[in-house]
Each structure stands twice: as C-alpha cells, then as structure tokens.
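> Sequence below, structure please.
(one chain, ligands or ions: 1)
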Amino acid sequence: MKAVLGLEDGTVIKGTGFGAEGTACGELVFTTQFTGYEEALTDPSYKGQILMFTNPLIGNYGVSGERFQSDNIHAEGLVVREACKNPYHYKSTRSIHKFLEDEGKPGIEGVDTRMLTIGAREHGTMRAALITGSDDGEEAVDVARNFPQVTDEELIARVTCREPHFIQGAPGAWKGSGKPKHAVVVDLGIKRNIINNLHRRGIDLTLVPATTKPKEIAGYEPDMLFISNGPGDPEKATDAINAVKAFAGTIPVAGICFGHQIISLAMGARTYKLKFGHRGGNQPVKDLIENKIFISSQNHGYAVDADSLEGTGLYVKYLNANDKTVEGVSHKDLDIFSVQFHPEAQAGPLDTEETFFGKVVKVLGGDL
Ligand SMILES: NC(=O)CC[C@H](N)C(=O)O
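The predicted structure follows:
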C-alpha cells in the first residue's frame, strides 16, 4: 500500500503503508524507547499525536495485549523505519500490522526516522498528516497545515472516563493501621499501570471524569486526590486545576505527568511547551534531595517552569539530567507531590516505582 507523510514545513516523505487505509493528523512526536510499542500506542496521553519510533525495528515480538495501557490505540498513526512482518513471541496473537488494521489506524514504514528526528530536534515539533493508500505529497502537506485543530479540552474529553467508578484496593494488600484508604483519581486518560500500582497497594479508588467539580469529589470523602496523566496542554484542564486548588492543604494531593503539571499550575506555577519533548524509556533524572540519578520512562511535551515555583510552596525535587528541566516537585509543608516522569513505567525501567508509590502509601498513613 502507498503511503505518504507530509509536515507543515513542506517536508514530504513517501513510504509503505500498513494498518488501516486512511488519514491521520496530529503533532509528529518521537520516542526513543526500543520496545514497549503496545504500551505506547495504547497510552491515552498520545491522543492527537502521530507517534514515531527512533528504534529502527518495531513489532518484532508481536502484540499480546497483556501490557495495553487502555483498551485502544490512542496515537493517531505510527511512523517507523521497519514494522516487523513475522513477529515471534509465545504470547503474541497478531502482528503490529494487524493491530493497527484492527484499530483503524494508519502506519507508514520505510521512513528515514533519523532524519525526521534530527529535524524535530532542530526545528521543534511539527504538525503532520499521514495518508495511507495515496502518495500525494502535496495533499499531505496541505492536510498537515490545514486540518482543523482539535482543542485540548476535546482531547481530554475523548480519553476521560464517562462515569465515576469505584475500584476496590487489592484485598489484604493495605499495610498499615486502620481500614484501607480511599483516593479520588481524576481520570484524564489514565494509564492502566497507574491504576494497578495504586490497587496493588490496597488503596481503594474512585475514578472520576475530567470535569468533576470539587463538591462532587468531596462527596466521595477521599483520603487523597490523585491527578492522572493525559493528553494536550495542562492549562486547559481547568476543572482538574480547580479540584487541586480546592483540596490542597486539606488532604494529600499527588499526580503523574499531566497530573504533575496540573498540580503545579493549581499551586500558582507556570507551564510551557518544550521544543520537542521527552519521550522514551531511558531519560536520566536527578533526585536533588537524595543526590541520586534514576533512569525513567517519559512522555511529555510540556514542562513546569522552575522559576515560577517561587512563592508556591513547591520546590524542585527532580531535574532532567539531560536538559535540566523540572521532573518533579514536592511541597515544603504540605503532602503535595508529583512527578513529570512515569514511575509506573510501562514501558520503561522501574527505578522510581517504589519511591513514588511508596510515598503515596506513606502519606496515607500506611506502612512501607
Ligand atoms: N503523559 C502525559 O501525561 C503528558 C502530559 C502532557 N500532555 C504533555 O505532553 O506534557
């Protein structure tokens, strides 16, 4: 099948199409993770983005579904050097070609992903259109430049849960005095492994939609407010920002990635868009308090402005060792903390899993 990728700056790349026939539009972002394509494609934070892997061979262990981060592919399309046609893994049930086809998502292979990645690093992230079943470069560029922008509010609306729902913590898993604690989780497109990590530690969860108001959250009598990962610009997650404002200082508040940005905004800090973001499974992060380096899993295009933290009560706990941007904050007096990286990984290293989720248990009064 023919396929073409057009960028808003006029770049045209032709390749071979796979997956579904159709057009995908979005911001073209690259990830440096070697594996974990099932996890990345199903991560709702990639909504509105076309995902490109820098690793030249993707799909070689097939698709099993065991590590999906949600029920569906959320990335709009997939760009790779080579998509493996004959995968092998004893748990694999289909190839990545079939996976994209089943999900109605277009993919393109035979692409010089190195050139595109260097381009993104030099010029910043660009809008792109991926068309399969055609090799009309002019059309692809035109679509990349003119496709109607989906608003960030709309991106969040597409991935949040429709109705609140309760998930009981794993029976007997809560370690600590008293009955298991209860966290209200604002679901902005939460990754499954964040839910699993909280559940596994015996914490009861009520997942609520993105637009839930503080009064309704209070009705669930939470012991903690947790803000999830999610797609788009954190400034547009206004209800989640208001929820943090309402509960900060009354119960512990924690968050991951989008959640970290939202908590920082609610406390009075600012966020900004990075030139090309951090996406991969080997991002070095320095814990400034412990003076230790961790390797982390990341997927973000925005970051918290370190200078804007002054006067918010938050301090920088983690820095990205590559570009020195903020990777996590904690409050000096209150139980408020968040990380920009993904301690739940999926895909990626688990260096920070226990540090982060252990702290969640600790602030809830549990034993480590
Ligand atoms: N993984 C996430 O939660 C991403 C957060 C936000 N959409 C960003 O790109 O920075």
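
> Wasn't residue 280 part of a strand?
Yes. Residue 280: assigned to a strand according to DSSP: H, G, I helix; E, B strand; the rest coil.

> residues near it, how many?
Around residue 280 there are 23 other residues, counting by other CB atoms under 10 Å. In this view, the C-beta of every residue, glycine as well, is placed from N, C-alpha and C.

> do the same with residue 245
Residue 245 has 16 neighbours, counted by other CB under 10 Å.

> which residues does it contact?
residue 266 (CB atoms under 8 Å, 6 or more residues apart in numbering).

> Look up how far the ligand lies from the residue nearest to residue 111 when sequence neighbours are not counted.
Computed as CB to CB, 6 or more residues apart in numbering, the closest residue to residue 111 that is not its neighbour in sequence is residue 15, at 4.7 Å. Distance of residue 15 to the ligand, computed by CB to the nearest ligand atom, to the nearest Å: 26 Å.

> I'd assumed residue 5 was in contact with residue 15.
Yes. The pair residue 15 and residue 5 passes the contact test of CB atoms under 8 Å, sitting 6.9 Å apart.

> Pick out whichever of these two has more residues nearby.
residue 5 (28 against 22).

> ok, residue 161 to residue 71 distance?
For residue 161, the distance to residue 71 (CB to CB, to the nearest Å) stands at 11 Å.

> oh, I was asking about residue 95
19 Å.

> give me the residue from the stretch 101-250 of the chain nearest the ligand.
Here the residue of the stretch 101-250 of the chain nearest the ligand is residue 229; by CB to the nearest ligand atom that distance is 3.1 Å.

> buried sites along stretch 332-352?
Within stretch 332-352, the residues scored as buried using 16 or more other CB atoms under 10 Å are 334-348, 351-352.

> Write out the residues of the stretch 151-300 of the chain neighbouring the ligand.
229-232, 257-258, 299-300 (CB under 6 Å from any ligand atom).

> Would you point out the most distant pair within those residues?
Using CB to CB, these span at most 12.6 Å, a distance reached by 232 and 299.

> how about the nearest residue to residue 100, chain neighbours excluded?
Leaving out its chain neighbours, the residue that sits closest to residue 100 by CB to CB, 6+ apart is residue 19, at 2.7 Å.

> my read: that neighbour touches residue 97, true?
Yes. With contact defined as CB under 8 Å, residue 19 counts as touching residue 97 (6.3 Å).

> In terms of neighbours, single out the busier of these two.
residue 19 (28 against 19).

> who's in contact with the more buried one?
Residue 19 touches 77-78, 97, 99-101, 103, 105-107, 132, counting by CB under 8 Å, 6+ apart.

> All the strands of the stretch 201-350 of the chain, in order from the start?
204-208, 224-227, 253-256, 271-287, 292-304, 314-320, 326-331, 336-339 (DSSP state E, counting those that start in this stretch).

> So what touches the second one?
Counting contacts by CB under 8 Å, 6+ apart, the residues outside strand 224-227 that touch it are 181-186, 188, 198, 203, 205, 217, 240, 243-244, 247, 251-256, 258-260, 262-263, 338, 360, 363-364.

> Okay, and which of those residues map to helices?
Judged by DSSP state H, helices contain the following of the contacts of strand 224-227: 198, 217, 240, 243-244, 247, 258-260, 262-263, 360, 363.

> Quick check: the gap between the spatially most central residue of the chain and residue 70.
Nearest to the mean C-alpha position of the chain, counting by CA atoms, centre = their mean, stands residue 45 at 3.9 Å. The spacing between residue 45 and residue 70, counted by CB to CB, is 10 Å.

> Now for these two: what residues contact both?
With CB under 8 Å, 6+ apart, residue 45 and residue 70 have common neighbours 189, 191.

> Now do the helices in this structure.
Along the chain, the segments classed as helices by DSSP H run 37-41, 96-103, 113-123, 137-146, 152-159, 192-200, 214-219, 238-247, 258-266, 353-363.

> which of these is buried the deepest?
Greatest average neighbour count among the helices of the chain goes to helix 258-266 (a mean of 28), per mean count of other CB atoms under 10 Å.

> Give me the mean pLDDT for that helix.
For helix 258-266, the mean per-residue pLDDT is 98.

> For it, name the packing helices and strands.
Using 3 or more CB pairs under 8 Å, 6 or more residues apart in numbering; DSSP states H and E, the elements in contact with helix 258-266 are strand 224-227, helix 238-247, strand 253-256, strand 271-287, strand 292-304, strand 326-331, strand 336-339.
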